[in-house]
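S.K.: what would the 3D arrangement of this be:
(2 chains)
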Amino acid sequence: MKFILRATAAPALLILAACASPDANETALIADPAEPVNRGIHAFNKGADTIIIRPVSQAYGTIMPEPVERTVENFIGNLALPSDIVNNALQGDTDALGDNLGRFLMNTTLGMGGLLDVAGDTGIERQPADFGQTLATYGVGEGPYVELPLYGPSTARDAVGIVVDLITDPTGLADGDAAPDILTGASVVAVIDTRDELGPVLDGILYDSEDSYSAAQTAYIQLRRAFVNGTDATDEGFVDIYAE
Amino acid sequence: MPIFSSARTTLFAALFAAMPISASALTPEEATDLTDTIVEEVLGYVNSDMTLAEKQAAFRETMDRYADTSAIGRYVLGIEWRNATPAQQEAFADAFREYLSNKYGSQFSGYEGGEISIGNANDLGNRGIVVESTVERPGSSSIVVQWQFSDRSGQPLLIDIVAEGVSLLTTERTAIANMLDRRGGDLDALIADLPTAR
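M.R.: Next up, the predicted model:
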C-alpha cells in the first residue's frame, strides 16, 4: 500500500516541482542555452543596424521611386526562385513547384530577365521555400535558438538550412564568373529592401522595446513557425484564455 | 380584450427576456461584423489628421469597447495574477490597458493608406471564433491578420490579434514575463513602469 502511494506520489511531486518555478523560462517559446553568446551577437547586429543598415535602408526608401523599387524587388525575387524550386521539389510540394517554375520561366523570358513580374500580373505568386523548412518536413526539430551575425534570429535547424541553401543555390552554381557577384549584390540589396519594408515594425522591436533581444526572438519564432507549418496549422496557436 | 393583450404582452416580454440567453452563442457572422466595425473605426483615425496622442486615445477607447483587456491581462500575467492581491490585480489591469494602447497605437504609421479585406470565420469551439483578414499596404506585401473573438465573458469580445502568425497574447505573455524577471519579480515595480514601457 505504501509502495503504491509512493509510486503515484513521485510523478505528482515532479509535476508540482516543475510548476513551482515560475521563472521566465515558463513562457519562453524556445530553448536558448547559448543566450549569453546570442545576446552578444544581437548587440553586434543591433549596432550594425543602427550604424549602417537602418540609415542606408531609409535613404534607399526615400531616394528610390516606387516603380524602380518594384523592379529591383522583381529582379531579386526572380533570382531566388531556383532555390525555392529545389526546396519545393525536396518537399514534394508540386503546387508550389508549378507556380515557382511557371513564374521563373515567364519572368525570365517575357519579363526581361526578371525585371518585370509578368507572372504576378496573371496571378501566379511566388511560393517561398528554404532548406530549413525542407528539414522540418523531414521531421527535423527546430533545435535551440541561435542569433546569427548579420542574419539575425534563427534556430539550429534553420541555420543549417541557410548554409545549405547558400551552397546549393542553382543561381550561384550557374556558369559564368558574374553569377556569384550578381547573387552577392542582390543579397545586399535584398537586406536593404527588406529592412526598408519592415521599417516601423523592426524599429519597434529593436529600438522601442525594453529588451530588444527577447522581443526579436518572440516575433521571429512565431513568424518562422507559421511559415514552416503553413497557414493550415495556424488554428493551433489560438488558446482558450478563459480556461486558466 | 385587455386580458388577452396583456397576456400577449407578458408572453412577448418572456420571449424577449429568454432570447438573449438562447441566442447568446457568438456566430461566425457576428464575429465577422464585429471585425468589420473595429477595422472601420481604427482605419477611420489611422488615415485621419489626428496627432499620435489623439490616435492612441481613440485606440484605447476602441480597445475598451471591443476587446476583453482584463481577460487578456489575466492571461498574460499567468501565475503571477493568481499570486497578486486584489489591489495589485486592479492596478495591473489599468496599467496593462494603457501599455497596450500606447504600444500598439504608436505603430499606426505602418498602416497608413492600408486596406483590409475580411475573409472566412472559423468556429474553434471553446476558443471562440477566428476571423481571417488580409491587410494590403501600398508598396508592401500583404499581411494575413486573424481576429479571435469569444463570448465566454458574457459579451462577444476580441481576445487576440495574430499577424502572420505573431500573436498579441503570446508576444505580450513573453514580454511581460521578461519585464517582471528584469525587475526581480517585483509586480509593483512592473505596474509602475508599464504605462510607459514598450
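
S.K.: quick one, grab the pLDDT at the residue of chain B found nearest chain A.
M.R.: Nearest residue of chain B to chain A (Cβ to the nearest Cβ) works out as B:Gly165 at 2.3 Å. The C-beta positions use only the backbone N, C-alpha and C, and glycine is treated the same way. pLDDT recorded at B:Gly165 is 89.

S.K.: relative to A:Thr27, how far out is it?
M.R.: B:Gly165 sits 17 Å away from A:Thr27, going by Cβ to Cβ, to the nearest Å.

S.K.: ditto for B:Val42
M.R.: Taken as Cβ to Cβ, the span from B:Val42 to A:Thr27 is 28 Å.

S.K.: the lengthiest helix in chain A - what's its average pLDDT?
M.R.: Secondary structure of chain A per DSSP state H: the longest helix is helix A:66-91. Helix A:66-91 shows a mean pLDDT of 92.

S.K.: what's it packed up against?
M.R.: helix A:94-109, helix A:131-137, helix A:156-168, helix A:170-173, helix A:178-197 (3 or more Cβ pairs under 8 Å, 6 or more residues apart in numbering or on different chains; DSSP states H and E).

S.K.: and the angle from it to helix A:156-168?
M.R.: 100 degrees (axes from the mean of the first three to the mean of the last three Cα atoms, to 10 degrees).

S.K.: for helix A:66-91, list every residue counted as buried.
M.R.: Within helix A:66-91, the residues scored as buried using 16 or more other Cβ atoms under 10 Å in any protein chain shown are A:69, A:71-91.

S.K.: next, the angle helix A:94-109 makes with that helix.
M.R.: Using the same axes, to 10 degrees: helix A:66-91 against helix A:94-109 is 140 degrees.

S.K.: relative to helix A:178-197, how tilted is helix A:66-91?
M.R.: 110 degrees.

S.K.: now helix A:66-91: how far from the chain's centre is it?
M.R.: Offset of helix A:66-91 from its chain centre (Cα atoms, centre = their mean, to the nearest Å): 15 Å.

S.K.: what residues does chain A have near chain B?
M.R.: Contact residues, chain A versus chain B (Cβ under 8 Å from any Cβ of the partner chain): A:22-24, A:26-29, A:66, A:69-70, A:197, A:199-201, A:204, A:208-211, A:214-215, A:218-219, A:222-223, A:225-227, A:231, A:234-235, A:237-244.

S.K.: 7 Å - rerun?
M.R.: Proximity of chain A to chain B (Cβ under 7 Å from any Cβ of the partner chain) is limited to residues A:22-24, A:27-29, A:66, A:197, A:200-201, A:204, A:208-211, A:214-215, A:218-219, A:222-223, A:225-226, A:231, A:234-235, A:237-242, A:244.

S.K.: about what we covered before: of the helices and strands packed on helix A:66-91, flag the one that's most buried.
M.R.: Among those, helix A:131-137 has the highest mean neighbour count (mean count of other Cβ atoms under 10 Å in any protein chain shown), at a mean of 22.

S.K.: quick one: list the elements packing against it.
M.R.: In terms of contacts (3 or more Cβ pairs under 7 Å, 6 or more residues apart in numbering or on different chains; DSSP states H and E), helix A:131-137 is packed against helix A:66-91, helix A:156-168.

S.K.: rerun at 8 Å
M.R.: Using 3+ Cβ pairs under 8 Å, 6+ apart, helix A:131-137 sits against helix A:66-91, helix A:156-168, helix A:212-229.

S.K.: A:Ala190: which of the ones you listed is closest?
M.R.: Evaluated with Cβ to Cβ, these place helix A:66-91 nearest to A:Ala190, the distance being 4.9 Å.

S.K.: ranges for the helices of chain B?
M.R.: So, for chain B - with DSSP H - the helices run B:2-22, B:28-46, B:52-66, B:69-77, B:79-83, B:86-105, B:168-182, B:187-193.

S.K.: hey, least reliable of these by pLDDT?
M.R.: Of all those, helix B:2-22 has the smallest average pLDDT, which comes to a mean of 50.

S.K.: quick check, central residue of chain B?
M.R.: B:Ala67 (2.6 Å; Cα atoms, centre = their mean).

S.K.: residue contacts, the residue lying closest to A:Ala31 once chain neighbours are set aside?
M.R.: Closest residue to A:Ala31 apart from its sequence neighbours, by Cβ to Cβ, 6 or more residues apart in numbering or on different chains: A:Pro144 at 4.7 Å. By Cβ atoms under 8 Å, 6 or more residues apart in numbering or on different chains, the residues touching A:Pro144 are A:Ile30, A:Ala31, A:Asp32, A:Pro33, A:Ala34, A:Thr155, A:Ala156.

S.K.: likewise B:Phe149?
M.R.: B:Phe149 neighbours (Cβ under 8 Å, 6+ apart): B:Leu26, B:Ala31, B:Leu34, B:Thr35, B:Gly128, B:Ile129, B:Val130, B:Val131, B:Pro156, B:Leu157, B:Leu158, B:Ile159.

S.K.: nearest spatial neighbour of it, skipping sequence neighbours?
M.R.: B:Phe149 sits nearest to B:Ala31 (Cβ to Cβ, 6+ apart), 4.5 Å away.

S.K.: residues contacting A:Ala186?
M.R.: The contact partners of A:Ala186, by Cβ under 8 Å, 6+ apart, come to A:Phe75, A:Ile76, A:Leu79.
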